[in-house]
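> Output the structure for:
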Amino acid sequence: MNERIGVGVIGVGILGTRHARVYSEQPNARLAALATSHPPKVQDMAQRLGARMFSDYREMLSTLGPTGTGELQAVSIATPDFDHFEPVRAALEAGVDVFAEKPLVMSSAEARSLVALAKEKSRILMVNYSQRWLPEHRQIEDSIRKGIFGEVAFVQAHRWDAAWVPEKMIPWADRSTPVHFMSSHDIDLILNWLEDRVKFVSAFSHHGALAAQKGLTGTGDGFSVLLQLQRGAVVSLHSSWILPSTFPTAADSSLEILGSRSSVFLSGSGREMRFYGEDRTERVTYGGPATATEVQGHLEGAFTKSLQAFLTAVEKRDLDTPTSAARTIHVVEVQEAIMKAAASGEIVRL
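Got it, this is the predicted structure:
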């Protein structure tokens, strides 16, 4: 493909703005359009980037898509967590490729219908599991593939957000959960690294801390989850968004992998990895761009690499990318099982 790919962004909040900017910085893409329910908030950005503004994504798809001018070949979906299904479906129906923010959707039935539709339309449907591109995560994946850990027995993944994230940053927090907003990445990473599926799910949620602190009566505080994979590994997940304003960052994370031959401990924001093997130990601090880091006027890092992988898939017509919806649908199934287990207090078998 010699011409630049015409792309659009549906949902232009914090992440949608990032999508728009990164597209505008790619040599093989042209940001053609933005669709948002609040056009005045992003009018200046649209003019600066040379993109047309639409208040209705359906109008954008019909005007610029294959049945219109043909300027639009691909879109990013960056609407709130609970509002991905209809925009993704409309984009696939319109005949354009789709790069959806995680979580793809919050229902496995919806996920299956979108995967089937993408296959029917021969369209790319890829999920932005950007954390796969972090160099520290690439190193862990490579070590697991080479058998350096031996048999992985336990994995613990923790993610924490400050309370101002559900209070001020995302006004729709009561319609999502930390499992969808945060743990999506961990579930995807672990299932991909171990090349396994979940067999049993146990989960507990907590409510009331945000109601007491911030008056957010409809927003859950967090989850603690226990998963057993089919080949026996036990995975513990924690995600919550109740940390006070004194917490130095908006978010942080930690990861532990314990295997029969070696183990690793990774600090998220510190990007420090401690490795303990049978005959050596190692401590590495990763530098360079992380998820989205400003480098000489451009955004670089795992987010940018994920978006570039989508553009490459569009160019090569690769419908089966590693983070395609078809390959990662089990993440949605696990999240749905977590919600069921937390609500019922019972162990859910997948």
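> how would you label residue 109: helix, strand or coil?
Under DSSP: H, G, I helix; E, B strand; the rest coil, residue 109 falls in the helix class.
> Can you get me a residue count around it?
11 (other CB atoms under 10 Å). From N, CA and C alone the C-beta is placed, and that goes for glycine too.
> What pLDDT is listed against it?
At residue 109, the predicted lDDT confidence score is 98.
> Roughly how far does it sit from residue 100?
16 Å (CB to CB, to the nearest Å).
> try residue 79
Taking CB to CB, one finds residue 79 at 9 Å from residue 100.
> same deal with residue 349?
To residue 100, residue 349 is 28 Å away according to CB to CB.
> higher neighbour count, the two?
Between residue 349 and residue 100, counting by other CB under 10 Å, residue 100 is the more crowded of the two (26 against 11).
> what pairs with the more buried one across the strands?
Applying DSSP bridges to residue 100 gives these bridge partners: residue 77, residue 127.
> wait, what's in contact with it?
The neighbourhood of residue 100, defined by CB atoms under 8 Å, 6 or more residues apart in numbering, consists of 76-77, 84, 88, 125-128, 325.
> what does residue 335 give?
103, 106, 179-180, 183-184, 187.
> tell me, how many neighbours does residue 272 end up with?
Residues contacting residue 272 under the criterion other CB under 10 Å number 14.
> wait, what's in contact with it?
Applying CB under 8 Å, 6+ apart, the residues near residue 272 are 266, 283-286.
> Now the buried members of these.
By neighbour count, with 16 or more other CB atoms under 10 Å, the contacts of residue 272 hold residue 266 as buried.
> which residue packs closest to residue 213, ignoring adjacent ones?
Spatially, and ignoring its direct neighbours in sequence, residue 213 is nearest to residue 163 (6.1 Å; CB to CB, 6 or more residues apart in numbering).
> Does that neighbour touch residue 246 like I think?
No. Residue 163 lies out of contact with residue 246 (CB atoms under 8 Å); the separation is 10.7 Å.
> Which helix or strand contains the residue lying farthest from the centre of the chain?
What lies farthest from the middle of the chain is residue 279; by CA atoms, centre = their mean that is 36.1 Å. Under the criterion of DSSP states H and E, residue 279 resides outside all helices and strands.
> how is the chain carved up into domains?
Using automatic domain parsing, the domain parsing of the chain gives 5-123, 131-292+332-349.
> can you list these in JSON lines and add distance to residue 316?
Formatted as JSON lines, the domains of the chain follow (distance: least, CB to CB, whole Å):
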{"stretch": "domain 5-123", "distance to residue 316": "11"}
{"stretch": "domain 131-292+332-349", "distance to residue 316": "18"}
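> ranking these by burial, who's on top?
Comparing the domains of the chain by mean neighbour count (mean count of other CB atoms under 10 Å), domain 5-123 ranks first with a mean of 20.
> ends of that domain, how far apart?
Taking CA to CA, to the nearest Å as the measure, domain 5-123 stretches 15 Å from start to finish.
> try stretch 98-113
End-to-end distance (CA to CA), stretch 98-113: 15 Å.
> any chance of the contacts of residue 100 in JSON lines, plus distance to residue 233 and pLDDT?
Compiled in JSON lines, those are given as follows (distance: CB to CB, whole Å; pLDDT from 0 to 100):
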{"residue": "76", "distance to residue 233": "33", "pLDDT": "98"}
{"residue": "77", "distance to residue 233": "32", "pLDDT": "98"}
{"residue": "84", "distance to residue 233": "29", "pLDDT": "98"}
{"residue": "88", "distance to residue 233": "31", "pLDDT": "98"}
{"residue": "125", "distance to residue 233": "28", "pLDDT": "98"}
{"residue": "126", "distance to residue 233": "27", "pLDDT": "98"}
{"residue": "127", "distance to residue 233": "23", "pLDDT": "98"}
{"residue": "128", "distance to residue 233": "26", "pLDDT": "98"}
{"residue": "325", "distance to residue 233": "24", "pLDDT": "98"}
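> of those residues, closest to residue 254?
residue 128 (22.2 Å; CB to CB).
> Pretty sure the closest one sits against residue 309.
No. Residue 128 is beyond contact range of residue 309, at 9.6 Å (criterion: CB under 8 Å).
> joint contacts of these two?
residue 323.
> Show me which of the two is the more surrounded one.
Taking other CB under 10 Å, residue 128 and residue 309 do not tie; residue 128 has more neighbours (25 against 20).
> Next up, the contacts around that one.
Taking CB under 8 Å, 6+ apart, one finds 76, 99-102, 303, 306-307, 310, 323 in contact with residue 128.
> Would you mind pulling up the elements that the helix or strand harbouring residue 115 packs against?
With elements taken from DSSP H and E, the one containing residue 115 is helix 108-121. If you count contacts as 3 or more CB pairs under 8 Å, 6 or more residues apart in numbering; DSSP states H and E, helix 108-121 packs onto helix 85-93, strand 125-127, helix 325-344.
> Out of those, the one nearest residue 139 is which?
Across the helices and strands packed on helix 108-121, the minimum distance to residue 139, taken as CB to CB, is reached by helix 325-344, at 21.1 Å.
> List the contacts of the helix or strand that the closest one is followed by.
Sequence order places strand 348-349 as the next helix or strand after helix 325-344, per DSSP H and E. Identification of contacts with strand 348-349 by CB under 8 Å, 6+ apart yields 199-202, 337, 340-341.
> Just send the residues you listed back as TSV, with distance to residue 211 and pLDDT too.
Shown next, in TSV, are the contacts of strand 348-349 (distance: CB to CB, whole Å; pLDDT from 0 to 100):
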residue	distance to residue 211	pLDDT
199	34	98
200	31	98
201	26	98
202	25	98
337	26	98
340	23	98
341	23	98
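> Great, nothing more from me.
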